[in-house]
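Asks: Sequence first, then the predicted structure, then my questions.
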Amino acid sequence: MINSKIQGQVWKYGDGINTDVIFPGKYTYTVTDPAEMAQHALEDLDPSFAHQVKRGDVIVAGKNWGNGSSREQAVTCLTQAGVGAVIAASFARIWYRNAINNGLLALTCPAAVDALQHGGLVEIDLAANLIKTDVGSFSFPPLAPSVQIIIAEGGLIPYLKKQLKP
Amino acid sequence: MNQTFVEKILARNAGLSEVTPGQIIDATPDVALSHDNSAAIAKIFRSLGQARVKYPDRLAIALDHAAPPPTTQHAQNHAEIRQFVAEQTIPHFFDVGRGVCHQVLCEEGLIYPGVVVLGADSHSTHYGALGAFGAGIGRSEMAAIWAIGQLWLRVPESIKIMLKGKLNSWVTSKDVALTVIGQLGADGGLYASVEFHGAALSSMSMESRFVFPNMMAEMGAKNAWVAPDEVTFAWLEGQGIHQREKWVAASRELWPDDGANYAATYTFDVSTIEPQIACPHTVDNVKPLSAVSGTKINQAFLGTCTNGRLEDIAVAAKIVAGRRVAPGTRFIIIPASSQIYLAALRAGYIETLLEAGAIFESPGCGPCMGNHLGIPAPGEVSISTANRNFKGRMGTRDAEVYLASPAVVAASAIAGQIVHPTQIY
């Protein structure tokens, strides 16, 4: 379940960050424990990330975050590492779907991406659709209603469990 | 209203008269593909409390990503999948050695014009080559399809790519696909349905056409489509399937209307294209081959769902015949399927390639995503016919991967450095 307010430190990366550097393909059939997935988060992009990330921290990235493989571990390694949200200029579609389906907030907001700096602080107010930074607030488009329902239930599987309950 | 291919096929699938981009629909896939990730999907499926898969005959499961298994852990993963397949009586199961899922499903007659495929694999865009709708999804989504048979999809915008002109010698569909990705960028088709049209396609073999929708995953596309024609139908009939009337009718019904709405239209004159190469570490870092000619390589890899077909092995055999792979260079070849492997054997290509010093491995994905069968050492350089060259893709972040056509890869294996085929042939 996503909190209505997320507050944390910014981990900022560039354009075109792909799933292979978020979660390497060589681990896809050998690392099955979610907690262990977190230890490999962003391994080939920023080896310091997995050791230093704190619960509620926010990844901020440029265009086409999460392009490449359909591997869902590229989302679960981040949720397991405690990442509160990802803000990007744009998202690759399978990563974006995987984020929604795992209850991870993924916000498209190029203006906020430009404003936020690595190591800075950010606050996301979901009720107000606002990203608050040191240099001002940025609004993001509200999530589609069908997506809001899935996120409110904590992801596709918890949502389906409720639906399928006899 | 005039509609594009994707608008027509998704409307038909959802039982609606028409749909518009941005609309969310419930799709009911005809084929739901998964591979070595099926054990993980089964775990999520079981957590939903459903005893049976809703439509077992719509599932297709192929073991290809680490096949045969390189470690006990990979073997255990396969064992769990076989157990699930038996439990749920899944008819379309393709065990180790049959080949890469995307090639195998096409050969097995599961894919033809009008089919809707959702796959737990990003290169599920592949199926558009046969006039089907194919899109990649995640593992949780596949578990949901196993349970309820449906999944929400957003109707994408459409992009039209016109290919005109005639290919020069030694230029292939791979070079054209790399040109398109290089020019439009890795997000040039983000969320979009990419349609391929034009006279240049008509003269291409079905084997060559598969490259376009396959590679569109690297442009961010949701799905891609190649206009079906006689070549498509003849290829399907070559697989021993005879349903021409059905294919023709579906192709006609789903043919994009004149005046349909496209977010963008691009025209490429393929006669102006020379061999292309995607340089480390992104697929849109595309240069003319001449820009990196002479780069020393340690490994050349020919295979994958992108370029591991018979014509790819044939051109490699033609180039290496009577020559030797350069000392210090490994030339690894993995046919995309057992059918291709056997055909290459019967045609004599394998003998020619083995005599030249190439290495053949069993059909599957091989080293494409760094699982096994040809992982480079740190500092090494590979040239590959695959579709991705991301940092760490083949196993180590300290290796470089170049992507090119089968002809360029084979010629480079002989030269021990990146070369144009004419430099050795």
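Replies: That came in fine, so what should we check first? Numbering: from 1, shown residues only, chains lettered A, B, ... in the order given.
Asks: count of residues packed around residue 68?
Replies: This is for chain A. 30 (other CB atoms under 10 Å in any protein chain shown). C-beta here means a position set from N, CA and C on the backbone, and glycine is covered the same way.
Asks: please go with chain B instead
Replies: Counted with other CB under 10 Å, B:Pro68 comes out at 16.
Asks: Name the nearest residue to it, sequence neighbours excluded.
Replies: B:Val96 (5.1 Å; CB to CB, 6 or more residues apart in numbering or on different chains).
Asks: List the residues that contact that neighbour.
Replies: The contact partners of B:Val96, taken as CB atoms under 8 Å, 6 or more residues apart in numbering or on different chains, are B:63, B:67-69, B:78, B:362, B:364.
Asks: which of those sit farthest apart?
Replies: Within the contacts of B:Val96, two members stand farthest from each other by CB to CB: B:His78 and B:Ser362, at 13.7 Å.
Asks: Quickly list what's touching both of the two.
Replies: B:67, B:96.
Asks: Of these two, which one has the most company?
Replies: B:His78 (20 against 16).
Asks: Other residues contacting the worst-scoring helix or strand of chain A on mean pLDDT?
Replies: Within chain A, confidence by mean pLDDT, DSSP states H and E is lowest for helix A:145-152 among all helices and strands, at a mean of 83. With contact meaning CB under 8 Å, 6+ apart, helix A:145-152 is reached by A:1-2, A:100-101, A:103, A:105, A:142-143, A:156, A:159, B:24, B:152.
Asks: so how far is A:Ile22 from the nearest residue to A:Phe91 once chain neighbours are set aside?
Replies: Computed as CB to CB, 6+ apart, the closest residue to A:Phe91 that is not its neighbour in sequence is A:Trp65, at 5.3 Å. Per CB to CB, to the nearest Å, A:Trp65 is found 9 Å from A:Ile22.
Asks: now do B:Thr396
Replies: 16 Å.
Asks: next one: A:Gly16
Replies: For A:Gly16 relative to A:Ile22 (CB to CB), the value is 12 Å.
Asks: For the residue in the stretch 151-300 of chain B that chain A sits nearest to, give me the pLDDT.
Replies: The minimum distance from the stretch 151-300 of chain B to chain A, using CB to the nearest CB, falls at B:Asp187 (4.0 Å). Here, the pLDDT recorded for B:Asp187 equals 96.
Asks: Over to B:Arg324?
Replies: 98.
Asks: which SS class is A:Trp11?
Replies: What DSSP: H, G, I helix; E, B strand; the rest coil gives for A:Trp11 is strand.
Asks: what sits against it?
Replies: A:Trp11 neighbours (CB under 8 Å, 6+ apart): A:46, A:49, A:53, A:57-60, A:118.
Asks: one more time with 10 Å, if that's ok
Replies: By CB atoms under 10 Å, 6 or more residues apart in numbering or on different chains, A:Trp11 lies in contact with A:42, A:45-46, A:48-49, A:52-53, A:57-61, A:83, A:86, A:116, A:118-119.
Asks: again with B:Asp258
Replies: B:Asn2.
Asks: hang on, it in a helix?
Replies: No - B:Asp258 sits outside any helix when classified using three-state DSSP, being coil.
Asks: Torsion angles phi and psi at residue 154?
Replies: If you meant another chain, say so; for now it's chain A. phi 90, psi 10 (degrees, to the nearest 10).
Asks: Can you look at chain B instead?
Replies: The phi/psi pair for B:Arg154 (degrees, to the nearest 10) is phi -100, psi 130.
Asks: how deep is it tucked in, by neighbour count?
Replies: 19.
Asks: Can you check the pLDDT for it?
Replies: Note for B:Arg154: predicted pLDDT of 93.
Asks: Could you give the bridge partners of it?
Replies: On the basis of DSSP bridges, B:Arg154 is bridged to B:Ile24.
Asks: element containing B:Leu33, please.
Replies: strand B:31-34 (DSSP states H and E).
Asks: got a list of what the closest residue in space to A:Lys26 that isn't next to it in sequence touches?
Replies: Leaving aside its chain neighbours, A:Lys26 sits nearest to B:Gly370 (4.2 Å; criterion: CB to CB, 6+ apart). B:Gly370 is in contact with A:20, A:24-28, B:66, B:376, B:390, B:392-396, B:399, counting by CB under 10 Å, 6+ apart.
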